[in-house]
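Peer 1: Here is my input, please return the structure:
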Amino acid sequence: MPLQVTNVQQREHVFVSALPGLEPAVEAEAKALGFSPQKVEGGVELTGAPGLHQEANLRLRTASRVLLRLGRFSAPDVGALEKGLAGLSLGRVWDGRTAPRLSVALHRARFKGPDTVMAAAARAWRLASVERAGVLDEESFEGLTLLVRVEGDTCTVSADTSGEPLHRRGYRQEVSRAPLRETLAAGILVLAGYDGVEPLVDPMCGSGTFLIEGAWMSQRRAPGLQRTFAFERFPGFDATAWRARQARAGTETLPAPRSALRGYDINAGSLGTARRNARRAGVTLTLERQDVRTLVPPAGLGPGLVVVNPPYGKRVGEAEDLPGLYRALGATFRRAFSGWRAAVLVPEDTGLIRALGLPEGRSLPVRNGGLRCRLLLCSLPSPQGA
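Peer 2: Residues are numbered from 1 along each chain as shown. Got it, this is the predicted structure:
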């Protein structure tokens, strides 16, 4: 395969990564934003005009990271790998002064290990050495991070344009127990069909992530307005064009959510954390201290979406107490939210799922903090005769 280098001046090719199970959410969100996504393993691919990687970072609330494709070439051996790396056009993303880090993924490659790729890159770019990147979703780096993926004989090289993982919106400086990533919360709302207009209730709201993400969705607020990105350090970065892009997104933001948002929790400290996080996010939440077992939602609210991330036992609480809590949660859903839709993130524990006693619906595999989970989506029956 001959060397193929993306002509970033005419078209951009972008890979948007997602948490496992959220690929359909990223695809749906990208379509709603006017992109033309192609769902692939681990995320979606986008093609568009220059600045696409900036737009994706700014607006996609379910994405984990945005990678700008730099080139793809045949690498059946180390010599071809080195030649292909040397032929890449890196001037837009790398100034040549500070060595980039490399994140390496090998799948059925014909040469041994990441160290081989690191050494080939150092020779190709005439560097003394190249540092290997750690886990990108757990750290950030002030310099350039390049991702080198070799699958069979094909090598694909991309630049990380996000920097800090995209779930770090900037508002959540505090968390309660068992925090939920902002991208996962947004993805669950998308998969549950939240429209930004219907009421949204979280009966165990913790630090308020579901509600804040729902408020921003309701306001049509771009999730990246409060943070910085790795692409702002690229040599070819146009600060004026970026500010104009941010300004356009800012003018689309509605002054207040269009939906009623309510949060409940038995822990007063969690409610305080949720209030402070919401204040940093620029939204006002209606929060109340109530036990999920006896919860009474405001009269006249609904129907809408009730969403919850209950304890799993591996994170908070004692496992032996969970079946009773899940039975109580299911009973509250049936009693207080009849006629609503429900979205519940639960561990892959059939006993706990049975304890909820929810109506049959969809069950989607997702991961939360590395744990295998199920997202249960269903409609709660209305009272007979209603």
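
Peer 1: Span of stretch 70-88 from start to end?
Peer 2: Separation of the first and last residues of stretch 70-88 by Cα to Cα, to the nearest Å is 7 Å.

Peer 1: quick one: contacts for residue 345?
Peer 2: Residue 345 is in contact with 180, 188, 308, 309, 310, 366, 368, 373, 374, 375, 376, counting by Cβ atoms under 8 Å, 6 or more residues apart in numbering. To be clear about C-beta, it is placed using only N, CA and C from the backbone, and glycine gets the same treatment.

Peer 1: Name the member of the residues you listed with the most neighbours.
Peer 2: Of all these, the highest neighbour tally under other Cβ atoms under 10 Å goes to residue 188, namely 30 neighbours.

Peer 1: and the next element down the chain from the helix or strand where it lies?
Peer 2: Using DSSP states H and E, residue 188 sits in helix 182-191. Sequence order places strand 200-202 as the next helix or strand after helix 182-191, per DSSP H and E.

Peer 1: can you give me the mean pLDDT across that following strand?
Peer 2: For strand 200-202, the mean pLDDT works out to 97.

Peer 1: Now do stretch 368-378: everything it contacts.
Peer 2: Residues outside stretch 368-378 that contact it (Cβ under 8 Å, 6+ apart) are 21, 180-181, 184, 188, 191-192, 309, 312, 314-315, 341-348, 353, 356, 358-367.

Peer 1: gap between it and the chain center?
Peer 2: Stretch 368-378 sits 14 Å away from the centroid of its parent chain (Cα atoms, centre = their mean, to the nearest Å).

Peer 1: Just the endpoints, please. Distance across stretch 14-21?
Peer 2: Terminal residues of stretch 14-21 lie 20 Å apart, using Cα to Cα.

Peer 1: same deal with stretch 17-28?
Peer 2: Termini of stretch 17-28 sit 14 Å apart (Cα to Cα).

Peer 1: Quick check: buried residues in that stretch?
Peer 2: Buried residues in stretch 17-28, defined by neighbour count with 16 or more other Cβ atoms under 10 Å: 17, 18, 19, 21, 22, 23, 24, 25, 26, 27, 28.

Peer 1: Need the max-distance pair from those residues.
Peer 2: Checking these against each other with Cβ to Cβ, the farthest-apart pair comes out as 17 and 28, at 15.9 Å.

Peer 1: one step back: which secondary structure elements does the helix holding residue 188 sit against?
Peer 2: Helix 182-191 sits against helix 23-32, helix 209-219, strand 305-308, strand 341-347, strand 362-368, strand 371-379, with contacts defined as 3 or more Cβ pairs under 8 Å, 6 or more residues apart in numbering; DSSP states H and E.

Peer 1: how far is the second one from where the chain is centred?
Peer 2: Spelled out, it's helix 209-219. Averaging C-alpha coordinates over helix 209-219 and over its chain gives two centres that are 14 Å apart (Cα atoms, centre = their mean).

Peer 1: got the angle between it and strand 341-347?
Peer 2: Helix 209-219 and strand 341-347 are oriented at 140 degrees to each other (axes from the mean of the first three to the mean of the last three Cα atoms, to 10 degrees).

Peer 1: got the contact list for helix 209-219?
Peer 2: For helix 209-219, with Cβ under 8 Å, 6+ apart as the criterion, the contacting residues are 61, 171-172, 179-182, 185-186, 188-189, 194, 196-197, 200, 202, 205, 223, 253-259, 261-263, 274, 277-278, 281, 283, 285, 307-309.
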